[in-house]
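Trainee: mind folding the following:
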Amino acid sequence: MKKSSILILFFLCLSSVSYASLRLGADRLEVLLPLIKEKKVALVVNQTSCLSNGTHLLDTLLAENIQVKKIFAPEHGIRGNADAGETVIDGKDPKTGINITSLYGKNKKPTRAMLNNIDIVIFDIQDVGARFYTYISTMHYVMEACAEQQKTCIILDRPNPHDFIDGPILESSLKSFVGMHPIPVLHGLTIGELAKMINGEGWLNQKIKCKLKIITLEGWKHGQAYSLPIKPSPNLPNDQSIKLYASLCFFEATNVSVGRGTYFPFQAIGYPDPKFGDFTFTPKSLPGFDKNPLQKDKLCYGVDLRQFKFNDGLSLKFLISFYKKSGSAPSFFKSPRFMDNLAGTSKLRLQIQKGATEEEIRKSWENDLTKYKTIRKKYLLYTENDKF
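Mentor: This next block holds a predicted model:
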């Protein structure tokens with residue numbers, strides 16, 4: 001698999017990662033274990049929190065006699081099987097009996113009581129490079145709680161599988177759990193680099209600083225491809241879905257299906273009207289993917305993107321095309337506010353409604369993206385070339 005890096009200022013490397021040389025932050029136990037030996041530890045983990053050998057971080061640390069006292073669960077839960085937006089409940093890990101506390105729902109930030117007997121919080125979750133993918137919002141709140149309570153936060157870093165800089169910058173008035181930072185839709189950072197940026201730019205509450213330790217990964221540089229060994233959430237099952245996720249997620253603010261309730265989510269677009277395309281699919285209740293998908297049990301017409309050659313960052317062609325096919329009605333965006341939250345600005349929605357082309361819309365992002373790239377350079381950990 002190759003990636004074009006035209007959206008991160010041309011090419012640095014088109015070669016795939018040599019997985020034999022790749023060491024995730026979680027693999028580097030020689031660095032991690034001395035930091036947490038004889039400490040009381042909380043983990044923020046899910047199903048992706050595995051070492052390269054497939055062993056879960058929790059099991060690895062317990063085998064090393066580390067005192068893991070608590071597990072915090074992000075959106076989709078620690079097993080990654082809760083639907084998008086579904087409440088993740090507190091409980092106990094059936095294998096170890098360790099308490100699990102949800103950080104998705106009413107409580108998104110660890111409280112003082114939750115961290116009372118904790119020395120160190122370890123965050124190890126695979127991101128996909130998109131601002132509205134909520135694991136990075138959970139990381140923000142974990143860092144903030146650690147800063148407020150003088151706890152150390154350790155980030156175990158992982159590659160960014162969709163490593164581009166693209167899209168509008170989030171405006172502060174539209175800050176939400178699907179967008180907390182003034183970064184583009186595709187931010188071109190690992191979670192470790194983003195954590196450094198959050199700390200360094202003063203984005204935590206009252207600009208407090210988190211006592212942060214990044215355990216860097218080895219054998220990966222920006223621009224190199226990375227195929228995820230474990231799906232990061234129920235509806236991102238493969239590389240193609242991850243490539244298309246940022247472009248198709250805007251449809252979540254419409255009545256157009258993105259294939260939830262099929263075995264190819266975020267690889268198809270459709271609506272119950274033949275004018276939208278020749279490809280058909282019917283969303284069904286599908287445990288492990290989506291139990292109550294949009295347009296459930298309705299025959300949808302649209303476009304099959306499973307074989308679509310897409311190695312770019314963010315595309316608006318699909319959204320603009322379906323908007324035009326809909327008759328260009330303002331009601332196409334069933335939730336204008338949610339669309340604006342996803343975009344980080346109301347300008348994108350308004351530009352589409354006014355008939356702007358993708359080229360015109362992209363041009364309106366240029367100045368802000370140039371400024372962002374300057375800020376980003378200060379926090380990069382995995383580049384040997386100023387072009388990245």
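
Trainee: show me what the one helix or strand Lys324 maps to is packed against.
Mentor: Taking DSSP states H and E as the definition, one finds Lys324 inside helix 317-325. The contact analysis (3 or more Cβ pairs under 8 Å, 6 or more residues apart in numbering; DSSP states H and E) places helix 317-325 against helix 239-248, strand 268-271, helix 347-353. C-betas here are computed from N, CA, C, even on glycine.

Trainee: of those, which approaches Asp340 most closely?
Mentor: Comparison of the helices and strands packed on helix 317-325 against Asp340 by Cβ to Cβ identifies helix 347-353 as nearest, at 6.1 Å.

Trainee: does anything pack onto that closest one? Which helices or strands?
Mentor: helix 317-325, helix 336-343, helix 358-377.

Trainee: His187: which of these is closest?
Mentor: Across these (criterion: Cβ to Cβ), the nearest stretch is helix 358-377, sitting at 7.8 Å.

Trainee: run the chain-centre distance for the closest one.
Mentor: Offset of helix 358-377 from its chain centre (Cα atoms, centre = their mean, to the nearest Å): 20 Å.

Trainee: how far off helix 317-325 does that helix point, in degrees?
Mentor: Angle of helix 358-377 versus helix 317-325, following axes from the mean of the first three to the mean of the last three Cα atoms, to 10 degrees, is 150 degrees.

Trainee: what sits up against helix 358-377?
Mentor: If you take Cβ atoms under 8 Å, 6 or more residues apart in numbering as the criterion, helix 358-377 is touched by 9, 165-169, 182-184, 187-189, 193, 197, 201, 315-317, 320, 347-348, 351-352, 386.

Trainee: make it 6 Å
Mentor: Pro168, Ile169, Leu316, Gln351 (Cβ atoms under 6 Å, 6 or more residues apart in numbering).

Trainee: immediately after the least confident helix or strand in the chain by mean pLDDT, which helix or strand?
Mentor: Ranked by mean pLDDT, DSSP states H and E, the weakest helix or strand in the chain is strand 91-92, scoring a mean of 82. Beyond strand 91-92 on the C-terminal side, the first helix or strand identified by DSSP H and E is strand 99-102.

Trainee: so which elements touch that following strand?
Mentor: strand 67-73 (3 or more Cβ pairs under 6 Å, 6 or more residues apart in numbering; DSSP states H and E).

Trainee: how does it look with 10 Å?
Mentor: strand 40-45, strand 67-73, strand 91-92 (3 or more Cβ pairs under 10 Å, 6 or more residues apart in numbering; DSSP states H and E).

Trainee: wait, which of those strands is closest to Gly277?
Mentor: Nearest of the helices and strands packed on strand 99-102 (Cβ to Cβ): strand 67-73, 37.9 Å.

Trainee: local confidence estimate at the spatially most central residue of the chain?
Mentor: Nearest to the mean C-alpha position of the chain, by Cα atoms, centre = their mean, lies Tyr133 at 3.2 Å. At Tyr133, the model reports a pLDDT of 96.

Trainee: for His162, see how far away it is.
Mentor: Taking Cβ to Cβ, to the nearest Å as the measure, Tyr133 and His162 are separated by 10 Å.

Trainee: between those two, which contacts overlap?
Mentor: Asp127, Ile242, Tyr245, Ala246 (Cβ atoms under 10 Å, 6 or more residues apart in numbering).

Trainee: just to revisit the earlier point, give me the buried positions along the helix holding Lys324.
Mentor: Under the neighbour-count criterion of 16 or more other Cβ atoms under 10 Å, helix 317-325 has Phe318, Leu319, Ile320, Phe322, Tyr323, Lys325 buried.

Trainee: quick check: which ranges of the stretch 51-200 of the chain have low pLDDT?
Mentor: Within the stretch 51-200 of the chain, the stretches with pLDDT under 70 are 76-90.
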